[in-house]
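Undergrad: The following block contains a protein sequence and its predicted model.
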Amino acid sequence: MLTVDLATLGLRPGDRVLDLGCGGGRHAFAALRAGAVVVALDRSEGALKDVRGVVGAMSDAGELPPGAPWGTVTGDAEHLPFPDASFDGVIAAEVLEHIWADRRALTELERVLRPGGRIAVTVPSAFPERLCWALDPGYHDTPGGHVRIYRRRDVEARLAEAGLVPYARHRAHALHSPYWWIRCAGGVDRPERPLARRYHELLVWQITRDPRWLAALERGLNPLLGKSLVVYARKEP
């Protein structure tokens with residue numbers, strides 16, 4: 001289940017794409033399927049090992065264009081190991097809320113983006129996030145946890161400060177917000193509780209089966225309850 005819409009990002013076959021803080025690699029996999037040249041970067045070598053395993057399986061199953069170029073890099077957002085203007089597109093999904101020096105990270109992303117290139121940044125939406133913080137401090141007050149809550153204007157202002165021009169935005173994953181409220185209300189570290197477990201089963205069913213009625217419901221709820229805010233910006237030529 002993607003957070004970034006690759007069409008809104010303007011992704012084209014052959015584009016060089018950086019998936020920053022790739023985690024499990026869901027956006028990297030989608031960009032590869034679309035014919036992009038993908039570099040997945042993360043601080044966790046364990047996460048990158050899993051990404052390489054999945055990409056290998058995708059290639060063996062014929063899910064990727066023949067000879068699709070890709071790679072993984074261990075690194076961090078504040079000191080990217082790439083030359084200027086290395087990428088046509090950048091995806092930074094659910095990353096900035098973990099970084100104290102977020103302005104420094106965005107300056108680095110602007111540097112490695114070519115003139116005319118585009119970036120998609122996603123962060124937790126302010127309203128669902130504030131409720132999670134209020135219900136259980138353990139949701140964010142943990143090593144590697146969230147260090148700030150963003151409003152839309154905060155994200156767009158930081159992008160503009162880095163020299164990028166926002167051009168589109170939306171919210172996603174409305175059905176995930178109640179799940180995290182349920183988790184936080186009963187203790188975020190207790191996912192085994194019956195209500196949380198059953199709601200998680202619903203989300204898994206949504207991802208695996210993608211029923212139309214549930215997708216329509218989520219689209220209707222996204223503007224209000226979307227768990228993720230997605231902002232797209234371009235680097236001027």
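TA: Noted; the coordinates are in hand. Numbering: from 1, shown residues only.
Undergrad: In this protein, which residue is most central in space?
TA: Compute the mean C-alpha point of the chain, and by C-alpha atoms, centre = their mean the closest residue is A93, 1.8 Å away.
Undergrad: so it makes contact with L6?
TA: No - using C-beta atoms under 8 Å, A93 is not in contact with L6, being 11.8 Å away. Bear in mind the C-beta positions are built from the backbone N, C-alpha and C, glycine included.
Undergrad: ok, the lengthiest strand in the chain: who's next to it in the sheet?
TA: In the chain, assigned by DSSP state E, the strand with the most residues is strand 113-124. Using DSSP bridges, strand 113-124 pairs in its sheet with strand 87-93 (parallel), strand 228-235 (antiparallel).
Undergrad: deepest of those, which one?
TA: Most buried of the strands paired with strand 113-124, by mean neighbour count (mean count of other C-beta atoms under 10 Å): strand 87-93, with a mean of 25.
Undergrad: ok now that strand, how far from the chain's centre?
TA: 10 Å (C-alpha atoms, centre = their mean, to the nearest Å).
Undergrad: Only C-alpha atoms, please: export that strand in PDB.
TA: The C-alpha trace of strand 87-93 is given here as PDB (Å, rounded to 0.1, in the frame of the first residue of the first chain):
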ATOM      1  CA  PHE A  87      18.400  12.100  -9.200                       C
ATOM      2  CA  ASP A  88      15.300  12.900 -11.200                       C
ATOM      3  CA  GLY A  89      13.000  12.100  -8.300                       C
ATOM      4  CA  VAL A  90      13.200  11.600  -4.500                       C
ATOM      5  CA  ILE A  91      10.800   9.900  -2.200                       C
ATOM      6  CA  ALA A  92      11.100  10.600   1.600                       C
ATOM      7  CA  ALA A  93       8.200   8.700   3.100                       C
END
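Undergrad: For that strand, give me every contacting residue.
TA: Residues outside strand 87-93 that contact it (C-beta atoms under 8 Å, 6 or more residues apart in numbering): 3-4, 9-12, 15-21, 23, 27, 31, 36, 39, 77, 105, 109, 112-114, 117-122, 228.
Undergrad: which of those count as buried?
TA: 3-4, 9-11, 15-21, 23, 27, 31, 36, 39, 77, 105, 109, 112-114, 117-122, 228 (16 or more other C-beta atoms under 10 Å).
Undergrad: Could you pull out the helices in this protein for me?
TA: Along the chain, the segments classed as helices by DSSP state H run 6-9, 26-33, 45-60, 102-112, 126-135, 152-161, 176-185, 194-209, 212-225.
Undergrad: Now mean pLDDT too, for those helices, in a markdown table please.
TA: Formatted as a markdown table, the helices of the chain follow (pLDDT from 0 to 100):
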| stretch | mean pLDDT |
| --- | --- |
| helix 6-9 | 98 |
| helix 26-33 | 96 |
| helix 45-60 | 94 |
| helix 102-112 | 98 |
| helix 126-135 | 97 |
| helix 152-161 | 98 |
| helix 176-185 | 97 |
| helix 194-209 | 95 |
| helix 212-225 | 97 |
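Undergrad: No further queries at this time; thank you.
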